[in-house]
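Peer 1: test case, fold it:
(one chain, ligands or ions: 1)
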Amino acid sequence: MARSIDTLSVHAGEDREKAHDSLVTPIILATAYPFDSTADLHKYFSGEVERSEEYARYGNPTQDIAEKKLAALDNGEAALLTSTGMSAIVTTLLAMVKPGMHIVITADSYRKTRVFVREFLAKFGIEHTSCEPSVAGIEAAIKPTTKLIITESPTNPYLNCIDLEALCALAKAKRIKTMIDATLATPYNLRPLDFGVDLVIHSATKYLGGHNDLMAGVVIGRKDLIQAIREHQGMFGALASPFTAYMLIRGLKTFAVRMRHQNESGLRIARFLEAHPKVEQVWYPGLESHAAHAIAKRQMKGFGSLISFTIKGTLEDGSKVVDACEIPYLAPSLGGPESLIEQPALMSYYDKSPEERGRLGIRENLIRLSVGLESADDLIADLDQALNRI
Ligand SMILES: Cc1ncc(COP(=O)(O)O)c(C=O)c1O
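Peer 2: Alright, predicted model coming up:
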(Lines give C-alpha, C1' and ligand atoms only; values in the text may rest on other atoms or scores of the structure.)
Protein backbone atom coordinates (compact mmCIF):
# COMPACT_ATOMS: atom_id res chain seq x y z
CA MET A 1 0.00 0.00 0.00
CA ALA A 2 1.35 3.45 -0.91
CA ARG A 3 2.03 5.44 2.25
CA SER A 4 2.05 9.19 2.71
CA ILE A 5 5.27 11.02 3.50
CA ASP A 6 4.09 11.49 7.11
CA THR A 7 3.90 7.73 7.61
CA LEU A 8 7.13 7.09 5.70
CA SER A 9 8.98 9.63 7.86
CA VAL A 10 8.00 7.71 10.99
CA HIS A 11 8.14 4.08 9.84
CA ALA A 12 10.01 3.59 6.53
CA GLY A 13 13.16 1.50 6.71
CA GLU A 14 12.50 0.28 10.24
CA ASP A 15 11.57 -3.32 10.98
CA ARG A 16 8.46 -3.62 13.10
CA GLU A 17 10.25 -6.10 15.33
CA LYS A 18 13.54 -4.75 16.57
CA ALA A 19 16.30 -6.17 18.77
CA HIS A 20 15.25 -6.65 22.42
CA ASP A 21 11.64 -5.73 21.51
CA SER A 22 12.76 -2.12 21.44
CA LEU A 23 10.15 0.28 20.08
CA VAL A 24 12.81 2.49 18.52
CA THR A 25 15.73 1.48 16.31
CA PRO A 26 18.79 0.73 18.44
CA ILE A 27 22.29 2.07 17.71
CA ILE A 28 24.71 -0.68 16.68
CA LEU A 29 28.26 0.45 17.34
CA ALA A 30 30.22 -2.69 16.37
CA THR A 31 33.14 -2.14 13.99
CA ALA A 32 33.23 -5.82 12.92
CA TYR A 33 30.64 -8.54 12.40
CA PRO A 34 32.00 -12.04 13.17
CA PHE A 35 31.41 -15.16 11.07
CA ASP A 36 30.26 -18.37 12.77
CA SER A 37 32.95 -20.42 11.04
CA THR A 38 35.41 -20.42 8.15
CA ALA A 39 32.75 -22.25 6.14
CA ASP A 40 30.45 -19.23 6.62
CA LEU A 41 33.24 -16.91 5.57
CA HIS A 42 33.69 -18.94 2.35
CA LYS A 43 29.97 -18.77 1.68
CA TYR A 44 29.97 -14.98 2.17
CA PHE A 45 32.98 -14.19 -0.02
CA SER A 46 31.93 -16.61 -2.77
CA GLY A 47 28.56 -14.85 -2.92
CA GLU A 48 26.60 -17.94 -1.86
CA VAL A 49 25.22 -16.14 1.20
CA GLU A 50 24.35 -12.45 1.47
CA ARG A 51 24.76 -10.47 4.64
CA SER A 52 24.74 -6.75 5.02
CA GLU A 53 27.59 -6.30 7.46
CA GLU A 54 31.21 -7.36 7.58
CA TYR A 55 33.41 -4.43 8.59
CA ALA A 56 31.89 -1.11 9.63
CA ARG A 57 33.63 0.99 6.96
CA TYR A 58 31.42 -0.86 4.49
CA GLY A 59 28.26 -0.04 6.44
CA ASN A 60 26.48 -0.76 9.69
CA PRO A 61 22.90 -1.71 10.60
CA THR A 62 21.89 1.75 11.89
CA GLN A 63 23.21 3.36 8.71
CA ASP A 64 21.32 0.77 6.68
CA ILE A 65 18.00 1.72 8.31
CA ALA A 66 18.61 5.45 7.84
CA GLU A 67 19.38 4.75 4.16
CA LYS A 68 16.18 2.76 3.68
CA LYS A 69 14.14 5.58 5.23
CA LEU A 70 15.85 8.22 3.06
CA ALA A 71 15.37 6.12 -0.10
CA ALA A 72 11.66 5.74 0.70
CA LEU A 73 11.20 9.48 1.29
CA ASP A 74 12.68 10.30 -2.12
CA ASN A 75 10.95 7.39 -3.85
CA GLY A 76 14.34 5.91 -4.79
CA GLU A 77 15.57 2.33 -5.01
CA ALA A 78 18.59 2.87 -2.77
CA ALA A 79 20.41 5.50 -0.74
CA LEU A 80 23.91 5.93 0.60
CA LEU A 81 24.47 7.88 3.80
CA THR A 82 27.70 9.85 4.12
CA SER A 83 29.48 11.93 6.73
CA THR A 84 28.43 15.32 5.26
CA GLY A 85 26.60 16.75 2.28
CA MET A 86 29.96 17.58 0.72
CA SER A 87 31.21 14.00 1.13
CA ALA A 88 28.03 12.79 -0.64
CA ILE A 89 28.85 15.14 -3.53
CA VAL A 90 32.57 14.32 -3.64
CA THR A 91 32.12 10.54 -3.29
CA THR A 92 29.42 10.54 -5.98
CA LEU A 93 31.50 12.59 -8.38
CA LEU A 94 34.64 10.52 -7.84
CA ALA A 95 32.62 7.38 -8.55
CA MET A 96 31.22 8.82 -11.78
CA VAL A 97 34.07 10.66 -13.47
CA LYS A 98 36.36 9.26 -16.14
CA PRO A 99 39.38 10.92 -17.77
CA GLY A 100 38.43 12.99 -20.80
CA MET A 101 34.82 13.46 -19.83
CA HIS A 102 33.09 16.81 -19.67
CA ILE A 103 30.71 18.00 -16.94
CA VAL A 104 28.12 20.76 -17.19
CA ILE A 105 27.49 22.51 -13.88
CA THR A 106 25.02 25.33 -13.29
CA ALA A 107 26.78 28.50 -12.14
CA ASP A 108 24.82 29.01 -8.93
CA SER A 109 25.48 25.52 -7.53
CA TYR A 110 26.79 25.28 -3.95
CA ARG A 111 30.12 27.07 -3.84
CA LYS A 112 32.22 24.13 -2.58
CA THR A 113 30.74 21.83 -5.25
CA ARG A 114 31.85 24.30 -7.90
CA VAL A 115 35.30 24.60 -6.31
CA PHE A 116 35.64 20.80 -6.26
CA VAL A 117 34.77 20.53 -9.96
CA ARG A 118 36.82 23.54 -11.01
CA GLU A 119 39.93 23.05 -8.89
CA PHE A 120 40.08 19.37 -7.98
CA LEU A 121 38.57 17.40 -10.86
CA ALA A 122 40.35 19.64 -13.37
CA LYS A 123 43.67 18.33 -12.00
CA PHE A 124 42.72 14.90 -13.37
CA GLY A 125 41.78 16.08 -16.85
CA ILE A 126 38.05 16.30 -16.24
CA GLU A 127 36.70 19.29 -18.10
CA HIS A 128 33.67 21.30 -17.16
CA THR A 129 31.55 24.21 -18.31
CA SER A 130 29.82 26.42 -15.79
CA CYS A 131 26.58 27.64 -17.34
CA GLU A 132 23.60 29.88 -16.75
CA PRO A 133 21.18 28.03 -14.42
CA SER A 134 18.42 27.16 -16.88
CA VAL A 135 17.72 24.26 -19.22
CA ALA A 136 18.62 26.50 -22.18
CA GLY A 137 21.93 27.38 -20.47
CA ILE A 138 22.64 23.70 -19.82
CA GLU A 139 21.78 22.73 -23.41
CA ALA A 140 24.13 25.38 -24.81
CA ALA A 141 26.99 24.08 -22.63
CA ILE A 142 26.69 20.42 -23.68
CA LYS A 143 29.59 18.99 -25.73
CA PRO A 144 29.95 15.57 -27.39
CA THR A 145 32.02 14.45 -24.37
CA THR A 146 29.48 15.63 -21.75
CA LYS A 147 28.55 12.71 -19.51
CA LEU A 148 27.15 14.46 -16.46
CA ILE A 149 24.99 17.48 -15.63
CA ILE A 150 25.25 18.83 -12.07
CA THR A 151 22.56 21.20 -10.93
CA GLU A 152 20.63 22.34 -7.91
CA SER A 153 17.00 23.28 -7.24
CA PRO A 154 16.28 25.60 -5.54
CA THR A 155 19.67 27.29 -5.39
CA ASN A 156 21.32 29.37 -2.73
CA PRO A 157 20.96 32.31 -2.19
CA TYR A 158 18.53 33.30 -4.99
CA LEU A 159 16.33 30.18 -4.92
CA ASN A 160 16.45 29.60 -8.67
CA CYS A 161 14.56 26.47 -9.78
CA ILE A 162 15.38 24.22 -12.72
CA ASP A 163 12.58 22.81 -14.88
CA LEU A 164 13.15 19.12 -14.15
CA GLU A 165 10.82 17.81 -16.83
CA ALA A 166 12.68 19.73 -19.54
CA LEU A 167 16.06 18.91 -18.00
CA CYS A 168 15.38 15.17 -17.95
CA ALA A 169 14.01 15.17 -21.52
CA LEU A 170 17.20 16.90 -22.69
CA ALA A 171 19.54 14.64 -20.69
CA LYS A 172 17.79 11.44 -21.79
CA ALA A 173 17.89 12.49 -25.46
CA LYS A 174 21.63 13.13 -25.18
CA ARG A 175 22.30 10.12 -22.92
CA ILE A 176 23.79 12.26 -20.17
CA LYS A 177 23.46 11.46 -16.46
CA THR A 178 21.89 14.06 -14.17
CA MET A 179 22.76 14.77 -10.56
CA ILE A 180 20.80 17.31 -8.57
CA ASP A 181 21.44 18.78 -5.15
CA ALA A 182 17.92 19.16 -3.76
CA THR A 183 18.94 20.11 -0.20
CA LEU A 184 16.80 23.26 -0.22
CA ALA A 185 13.76 21.47 -1.62
CA THR A 186 13.78 18.28 0.50
CA PRO A 187 11.77 15.20 -0.56
CA TYR A 188 8.72 16.75 1.11
CA ASN A 189 8.58 19.48 -1.53
CA LEU A 190 10.25 17.85 -4.54
CA ARG A 191 11.11 14.33 -5.63
CA PRO A 192 13.51 14.72 -8.54
CA LEU A 193 13.75 10.96 -9.19
CA ASP A 194 10.05 11.00 -10.17
CA PHE A 195 11.01 13.32 -13.04
CA GLY A 196 13.79 10.99 -14.22
CA VAL A 197 16.83 12.58 -12.54
CA ASP A 198 19.52 9.90 -11.99
CA LEU A 199 20.93 10.93 -8.63
CA VAL A 200 19.60 13.19 -5.88
CA ILE A 201 21.88 14.60 -3.22
CA HIS A 202 20.96 16.22 0.08
CA SER A 203 22.97 17.78 2.80
CA ALA A 204 21.12 15.92 5.58
CA THR A 205 22.72 18.45 7.92
CA LYS A 206 19.84 20.74 6.96
CA TYR A 207 16.09 19.90 6.93
CA LEU A 208 16.49 16.10 7.04
CA GLY A 209 18.49 16.04 10.29
CA GLY A 210 16.39 19.06 11.12
CA HIS A 211 17.79 20.00 14.53
CA ASN A 212 21.04 21.87 13.83
CA ASP A 213 22.92 19.10 15.63
CA LEU A 214 24.22 16.58 13.11
CA MET A 215 26.23 16.54 9.91
CA ALA A 216 25.40 14.01 7.20
CA GLY A 217 24.79 13.68 3.50
CA VAL A 218 22.88 11.30 1.28
CA VAL A 219 22.79 10.28 -2.36
CA ILE A 220 19.71 8.48 -3.67
CA GLY A 221 19.03 6.72 -6.95
CA ARG A 222 18.99 3.42 -8.82
CA LYS A 223 20.48 0.44 -6.97
CA ASP A 224 23.36 -0.13 -9.40
CA LEU A 225 24.43 3.53 -9.33
CA ILE A 226 24.30 3.69 -5.53
CA GLN A 227 26.23 0.41 -5.26
CA ALA A 228 29.03 1.84 -7.41
CA ILE A 229 29.18 4.93 -5.17
CA ARG A 230 29.06 2.74 -2.05
CA GLU A 231 32.13 0.84 -3.24
CA HIS A 232 34.01 4.12 -3.50
CA GLN A 233 32.83 5.10 -0.03
CA GLY A 234 34.29 1.84 1.27
CA MET A 235 37.63 3.17 0.02
CA PHE A 236 37.29 6.83 1.04
CA GLY A 237 35.64 6.07 4.36
CA ALA A 238 33.51 9.23 4.58
CA LEU A 239 30.84 7.50 6.69
CA ALA A 240 28.26 8.88 9.07
CA SER A 241 28.72 7.26 12.48
CA PRO A 242 26.02 4.90 13.83
CA PHE A 243 25.16 7.61 16.37
CA THR A 244 24.66 10.15 13.57
CA ALA A 245 22.53 7.64 11.66
CA TYR A 246 20.38 7.19 14.78
CA MET A 247 20.03 10.96 15.25
CA LEU A 248 18.98 11.26 11.63
CA ILE A 249 16.36 8.49 11.97
CA ARG A 250 15.08 10.27 15.09
CA GLY A 251 15.06 13.68 13.42
CA LEU A 252 13.20 12.30 10.41
CA LYS A 253 10.28 11.16 12.57
CA THR A 254 9.07 14.78 12.60
CA PHE A 255 10.21 15.61 9.06
CA ALA A 256 6.78 16.01 7.45
CA VAL A 257 5.39 17.96 10.42
CA ARG A 258 8.41 20.29 10.43
CA MET A 259 8.29 20.83 6.68
CA ARG A 260 4.62 21.80 6.75
CA HIS A 261 5.33 24.39 9.43
CA GLN A 262 8.42 25.70 7.67
CA ASN A 263 6.69 25.89 4.27
CA GLU A 264 3.84 27.85 5.83
CA SER A 265 6.05 30.22 7.84
CA GLY A 266 8.43 30.64 4.88
CA LEU A 267 5.63 31.86 2.61
CA ARG A 268 4.10 34.13 5.27
CA ILE A 269 7.42 35.74 6.16
CA ALA A 270 8.39 36.14 2.48
CA ARG A 271 5.11 37.96 1.86
CA PHE A 272 5.65 40.15 4.94
CA LEU A 273 9.16 41.06 3.77
CA GLU A 274 7.97 41.83 0.25
CA ALA A 275 5.50 44.36 1.64
CA HIS A 276 7.99 45.97 4.07
CA PRO A 277 9.04 49.55 3.18
CA LYS A 278 12.69 48.92 4.15
CA VAL A 279 12.97 45.88 1.86
CA GLU A 280 14.10 46.29 -1.75
CA GLN A 281 13.55 42.80 -3.19
CA VAL A 282 12.70 39.31 -1.92
CA TRP A 283 13.71 35.98 -3.48
CA TYR A 284 11.41 33.12 -2.50
CA PRO A 285 10.05 30.68 -5.10
CA GLY A 286 6.59 30.77 -3.57
CA LEU A 287 6.22 34.46 -4.40
CA GLU A 288 4.57 35.36 -7.71
CA SER A 289 7.37 37.90 -8.21
CA HIS A 290 10.11 35.22 -8.27
CA ALA A 291 11.51 34.51 -11.75
CA ALA A 292 11.14 30.73 -11.26
CA HIS A 293 7.70 30.87 -9.58
CA ALA A 294 5.91 29.11 -12.44
CA ILE A 295 8.42 26.24 -12.47
CA ALA A 296 8.43 25.98 -8.67
CA LYS A 297 4.63 25.98 -8.49
CA ARG A 298 4.44 23.24 -11.11
CA GLN A 299 6.97 20.88 -9.57
CA MET A 300 7.08 21.63 -5.83
CA LYS A 301 4.58 20.94 -3.06
CA GLY A 302 5.87 23.80 -0.90
CA PHE A 303 8.77 26.22 -1.10
CA GLY A 304 10.74 25.67 2.10
CA SER A 305 11.91 28.27 4.56
CA LEU A 306 14.99 29.88 3.05
CA ILE A 307 14.36 33.49 2.06
CA SER A 308 16.82 35.99 0.60
CA PHE A 309 16.13 39.71 0.51
CA THR A 310 17.89 42.98 -0.13
CA ILE A 311 17.29 45.95 2.11
CA LYS A 312 17.09 49.56 1.02
CA GLY A 313 20.54 50.30 2.35
CA THR A 314 24.20 49.28 2.50
CA LEU A 315 26.17 46.27 3.74
CA GLU A 316 26.50 48.09 7.09
CA ASP A 317 22.74 48.69 7.26
CA GLY A 318 22.28 44.97 6.63
CA SER A 319 24.57 44.22 9.58
CA LYS A 320 22.44 46.54 11.74
CA VAL A 321 19.32 44.55 10.83
CA VAL A 322 21.01 41.21 11.47
CA ASP A 323 22.43 42.38 14.80
CA ALA A 324 19.07 43.79 15.90
CA CYS A 325 17.23 40.49 15.42
CA GLU A 326 16.41 38.91 18.77
CA ILE A 327 15.14 35.50 17.61
CA PRO A 328 17.27 34.36 14.64
CA TYR A 329 20.90 33.58 15.39
CA LEU A 330 23.64 35.05 13.22
CA ALA A 331 24.95 31.80 11.75
CA PRO A 332 25.35 29.84 8.50
CA SER A 333 23.27 26.71 7.69
CA LEU A 334 19.50 26.28 7.38
CA GLY A 335 16.62 23.92 7.96
CA GLY A 336 16.74 23.54 11.76
CA PRO A 337 14.36 24.65 14.53
CA GLU A 338 16.34 27.82 15.32
CA SER A 339 15.94 30.57 12.72
CA LEU A 340 19.29 31.73 11.34
CA ILE A 341 20.14 34.99 9.62
CA GLU A 342 23.26 36.14 7.79
CA GLN A 343 24.68 38.36 5.08
CA PRO A 344 26.06 36.16 2.26
CA ALA A 345 28.59 38.90 1.36
CA LEU A 346 30.16 38.38 4.80
CA MET A 347 29.31 34.79 5.74
CA SER A 348 30.17 33.04 2.47
CA TYR A 349 32.15 35.64 0.50
CA TYR A 350 34.18 37.47 3.18
CA ASP A 351 37.35 36.62 1.23
CA LYS A 352 36.13 38.48 -1.87
CA SER A 353 36.17 42.22 -2.59
CA PRO A 354 32.85 44.01 -3.18
CA GLU A 355 33.69 44.08 -6.92
CA GLU A 356 34.34 40.31 -7.01
CA ARG A 357 31.15 39.71 -5.05
CA GLY A 358 29.31 41.87 -7.56
CA ARG A 359 30.67 39.76 -10.42
CA LEU A 360 29.51 36.62 -8.58
CA GLY A 361 26.05 38.16 -8.18
CA ILE A 362 26.33 38.49 -4.40
CA ARG A 363 24.74 41.82 -3.54
CA GLU A 364 26.21 43.84 -0.66
CA ASN A 365 22.76 44.56 0.83
CA LEU A 366 21.59 40.93 0.66
CA ILE A 367 20.35 39.10 3.78
CA ARG A 368 19.59 35.38 3.94
CA LEU A 369 17.07 34.09 6.45
CA SER A 370 16.46 30.45 7.31
CA VAL A 371 13.09 30.34 9.03
CA GLY A 372 12.99 27.81 11.86
CA LEU A 373 10.17 26.38 13.92
CA GLU A 374 9.40 29.42 16.04
CA SER A 375 6.04 31.21 15.65
CA ALA A 376 5.82 33.10 12.35
CA ASP A 377 4.06 35.96 14.21
CA ASP A 378 6.99 36.32 16.61
CA LEU A 379 9.50 36.23 13.75
CA ILE A 380 7.56 38.85 11.79
CA ALA A 381 7.44 41.17 14.83
CA ASP A 382 11.16 40.65 15.40
CA LEU A 383 12.11 41.27 11.75
CA ASP A 384 9.90 44.35 11.69
CA GLN A 385 11.62 45.96 14.69
CA ALA A 386 15.04 45.03 13.27
CA LEU A 387 14.28 46.47 9.80
CA ASN A 388 12.91 49.67 11.33
CA ARG A 389 16.35 50.42 12.82
CA ILE A 390 17.61 51.53 9.41
C1 LIG B 1 22.80 23.20 -1.18
C2 LIG B 1 23.89 22.63 -0.35
N3 LIG B 1 24.56 21.54 -0.78
C4 LIG B 1 25.54 20.98 -0.05
C5 LIG B 1 25.94 21.51 1.15
C6 LIG B 1 27.04 20.86 1.92
O7 LIG B 1 26.53 20.15 2.97
P8 LIG B 1 27.36 19.83 4.29
O9 LIG B 1 27.60 21.13 4.97
O10 LIG B 1 26.48 18.89 5.05
O11 LIG B 1 28.65 19.21 3.85
C12 LIG B 1 25.27 22.63 1.64
C13 LIG B 1 25.69 23.23 2.93
O14 LIG B 1 25.42 24.36 3.23
C15 LIG B 1 24.22 23.21 0.87
O16 LIG B 1 23.55 24.29 1.31
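Peer 1: Three-state assignment for the spatially most central residue of the chain, please.
Peer 2: Centroid-nearest residue in the chain: residue 183, 1.9 Å away (criterion: CA atoms, centre = their mean). Secondary structure, DSSP: H, G, I helix; E, B strand; the rest coil: residue 183 is coil.
Peer 1: do you know the pLDDT at it?
Peer 2: The score at residue 183 is 98. That number is its pLDDT.
Peer 1: how near is it to the ligand?
Peer 2: According to CB to the nearest ligand atom, to the nearest Å, residue 183 and the ligand sit 4 Å apart. To be clear about C-beta, it is placed using only N, CA and C from the backbone, and glycine gets the same treatment.
Peer 1: check contacts around that residue.
Peer 2: With contact taken as CB atoms under 8 Å, 6 or more residues apart in numbering, residue 183 is in contact with 85, 110, 152, 201-203, 206-207, 335.
Peer 1: repeat the analysis, applying 10 Å as the threshold.
Peer 2: 85, 88, 110, 152-156, 200-208, 217-218, 304, 306, 334-335 (CB atoms under 10 Å, 6 or more residues apart in numbering).
Peer 1: tell me how many other residues crowd the nearest residue to residue 134 once chain neighbours are set aside.
Peer 2: Residue nearest to residue 134 in three dimensions, not counting chain neighbours: residue 162, with 7.2 Å by CB to CB, 6 or more residues apart in numbering. Neighbours of residue 162 under the rule other CB atoms under 10 Å: 26.
Peer 1: so who does residue 162 touch?
Peer 2: 106, 133-135, 137-138, 149, 151-155, 178, 180, 192, 197, 292, 295, 299.
Peer 1: narrow the residues you listed to those in helices?
Peer 2: Mapping these onto helices (DSSP state H) picks out 135, 137-138, 192, 295, 299.
Peer 1: most neighbours among those residues, which one is it?
Peer 2: residue 192 (30 neighbours).
Peer 1: how near is that residue to residue 385?
Peer 2: The spacing between residue 192 and residue 385, counted by CB to CB, to the nearest Å, is 39 Å.
Peer 1: repeat that for residue 335.
Peer 2: The spacing between residue 335 and residue 385, counted by CB to CB, is 25 Å.
Peer 1: which one's more surrounded, these two?
Peer 2: With neighbours defined as other CB under 10 Å, residue 335 and residue 385 compare such that residue 335 has more, 28 against 13.
Peer 1: at which residues are the helices of the stretch 101-250 of the chain located?
Peer 2: Along the stretch 101-250 of the chain, counting by DSSP state H, counting those that start in this stretch, helices occupy 111-115, 135-141, 164-174, 186-189, 192-195, 223-236, 242-252.
Peer 1: near the ligand, which residues of this structure?
Peer 2: 84-86, 110, 152, 156, 181, 183-184, 203, 205, 215, 217 (CB under 6 Å from any ligand atom).
Peer 1: how about residue 49, what does it touch?
Peer 2: 35, 40-43.
Peer 1: could you rerun that using 6 Å?
Peer 2: Going by CB atoms under 6 Å, 6 or more residues apart in numbering, residue 49 touches residue 43.
Peer 1: ok, the one 5 residues further on next?
Peer 2: Contacts were defined as CB under 6 Å, 6+ apart; by that measure residue 54 touches residue 33.
Peer 1: do you know the pLDDT at it?
Peer 2: Residue 54 carries a pLDDT value of 90.
Peer 1: what does residue 172 give?
Peer 2: With respect to pLDDT, residue 172 has a value of 98.
Peer 1: and residue 153, by the same measure?
Peer 2: Confidence at residue 153, expressed as pLDDT, is 97.
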